[in-house]
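J.: Pasting the sequence and the predicted model now:
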2 protein chains.
Amino acid sequence: MFSKACEYGIRASIYIAKRSLLEKNSRVSLKEVAKAIGSPEAYTSKILQKLAKNNIINSDKGPTGGFSMDKLELDKVKLSTIVFTIDGDDIYKGCGLGLEECNEQMPCPVHNQFKTIREDLKTMLETTTIISLTMGVKDGLTFLKR
Amino acid sequence: MFSKACEYGIRASIYIAKRSLLEKNSRVSLKEVAKAIGSPEAYTSKILQKLAKNNIINSDKGPTGGFSMDKLELDKVKLSTIVFTIDGDDIYKGCGLGLEECNEQMPCPVHNQFKTIREDLKTMLETTTIISLTMGVKDGLTFLKR
DNA sequence: AATTTATTGGATAAAAATGTCCATTATTAT
DNA sequence: ATAATAATGGACATTTTTATCCAATAAATT
């Protein structure tokens, strides 16, 4: 469904969000993030860089540096934002059978069957906020690792 | 969503089904299939081999040989069968965030949001038959290429 | 100012997916 | 039997994705 990079990106964002929610002015190091979500450190670094450049997370260099998210913005960051930043819009516009062009006028054989599912997925991604996902983790109801 | 191999596999199956439906005892050559669905010939060959080994399509060697499907079985072949044969069951059981274990007891943060969508997808794949997809192509309503 | 710390960015490596080539095998027709 | 045809199977090549390494940069502390 998502690329590995995107999976790491979502999990990392949730972890950073959680830490930013619990302590103010918290800065989470790359090492801590990677450990918390069970991802390769250097690879995770690249993904966090991308998220930082797209202003989804903040990053600060130097001692006491690390990654963080604006607590007051956590309800504005949607899952769709992260997915789009890392995987692009294939999940929305891509054809289920890989045709370059596939639309109402010239649909692939599964176009209509996929339409509903894809729209549901889109809606879900666009309405699910990072804060809501973070809550589950904070309350020990959901998990970011294993 | 699906691998490229799986996309080719589905499109190829539909094309072979269509030809088998229109002419009896038809044998479609690899070349014809690849041309009809716009896929690389040699790569498509591998995929058809896999489908043939799993009895989803028939293959016959020699002159007049080629690929075919049993006309009377076309309503029994489900999209899910092809997808499972080529891509395995990741699409059903795999975690949306890539966790090795993810279930009701220890769900990932998006587990519940994905559950509905995944079940809908599963149901769709399990209820969509090759014959129904073939009809659309036969009637010029849907397309296998471009 | 010097040292330490942590992210950044570029190069490179490893793995997986996609794609190609060609000799072999099975089958049909002559 | 021989030749022609079409799938098969194995090796190989390319591309994309995933992952690693390390020097450079920026910031904080002493």
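T.: Perfect, thanks for sending it.
J.: quick one: the helices in chain A?
T.: Under the criterion DSSP state H, helices of chain A are mapped to A:4-22, A:30-37, A:41-53, A:79-87, A:90-93, A:111-127, A:130-138.
J.: okay, the ones you listed in JSON lines with mean neighbour count and mean pLDDT next?
T.: Glycine gets a C-beta too; all of them are placed from N, C-alpha and C. Below are those laid out as JSON lines (neighbours: other C-beta atoms under 10 Å in any protein chain shown; pLDDT from 0 to 100):
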{"stretch": "helix A:4-22", "mean neighbour count": "23", "mean pLDDT": "98"}
{"stretch": "helix A:30-37", "mean neighbour count": "18", "mean pLDDT": "98"}
{"stretch": "helix A:41-53", "mean neighbour count": "16", "mean pLDDT": "98"}
{"stretch": "helix A:79-87", "mean neighbour count": "20", "mean pLDDT": "98"}
{"stretch": "helix A:90-93", "mean neighbour count": "14", "mean pLDDT": "88"}
{"stretch": "helix A:111-127", "mean neighbour count": "16", "mean pLDDT": "96"}
{"stretch": "helix A:130-138", "mean neighbour count": "21", "mean pLDDT": "98"}
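J.: Kindly reformat the ones you listed as JSON lines and extend each row with distance to residue B:72.
T.: Output for these, formatted as JSON lines (distance: least, C-beta to C-beta, whole Å):
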{"stretch": "helix A:4-22", "distance to residue B:72": "43"}
{"stretch": "helix A:30-37", "distance to residue B:72": "51"}
{"stretch": "helix A:41-53", "distance to residue B:72": "51"}
{"stretch": "helix A:79-87", "distance to residue B:72": "42"}
{"stretch": "helix A:90-93", "distance to residue B:72": "37"}
{"stretch": "helix A:111-127", "distance to residue B:72": "24"}
{"stretch": "helix A:130-138", "distance to residue B:72": "49"}
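J.: Including distance to DNA strand C, could these go into a markdown table?
T.: Output for the helices of chain A, formatted as a markdown table (distance: least, C-beta to the nearest atom of the strand, whole Å):
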| stretch | distance to DNA strand C |
| --- | --- |
| helix A:4-22 | 10 |
| helix A:30-37 | 4 |
| helix A:41-53 | 4 |
| helix A:79-87 | 14 |
| helix A:90-93 | 12 |
| helix A:111-127 | 17 |
| helix A:130-138 | 19 |
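J.: what's the closest of these to residue B:94?
T.: Nearest to residue B:94 among those is helix A:4-22 (10.2 Å), distances taken as C-beta to C-beta.
J.: can you give me how far that closest one is from the chain middle?
T.: 7 Å (C-alpha atoms, centre = their mean, to the nearest Å).
J.: could you give the angle of that helix to helix A:30-37?
T.: Orientation of helix A:4-22 against helix A:30-37 (axes from the mean of the first three to the mean of the last three C-alpha atoms, to 10 degrees) gives an angle of 100 degrees.
J.: Briefly note if helix A:4-22 comes near DNA strand D.
T.: Yes. Helix A:4-22 is in contact with DNA strand D by C-beta under 7 Å from any atom of the strand, via A:4, A:5, A:8.
J.: For that helix, C-alpha coordinates in CSV please.
T.: Extracted C-alpha coordinates of helix A:4-22, given in CSV (Å, rounded to 0.1, in the frame of the first residue of the first chain):
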residue,chain,number,x,y,z
LYS,A,4,8.6,1.4,3.4
ALA,A,5,9.8,5.0,3.5
CYS,A,6,6.3,6.2,4.0
GLU,A,7,5.6,3.7,6.7
TYR,A,8,8.7,4.8,8.6
GLY,A,9,7.7,8.4,8.0
ILE,A,10,4.2,8.0,9.5
ARG,A,11,5.5,6.1,12.5
ALA,A,12,8.3,8.6,13.1
SER,A,13,5.8,11.5,12.9
ILE,A,14,3.5,9.9,15.4
TYR,A,15,6.4,9.3,17.8
ILE,A,16,7.7,12.8,17.5
ALA,A,17,4.2,14.1,17.9
LYS,A,18,3.7,12.1,21.1
ARG,A,19,6.9,13.4,22.6
SER,A,20,6.1,16.9,21.6
LEU,A,21,2.7,16.5,23.1
LEU,A,22,3.9,15.2,26.5
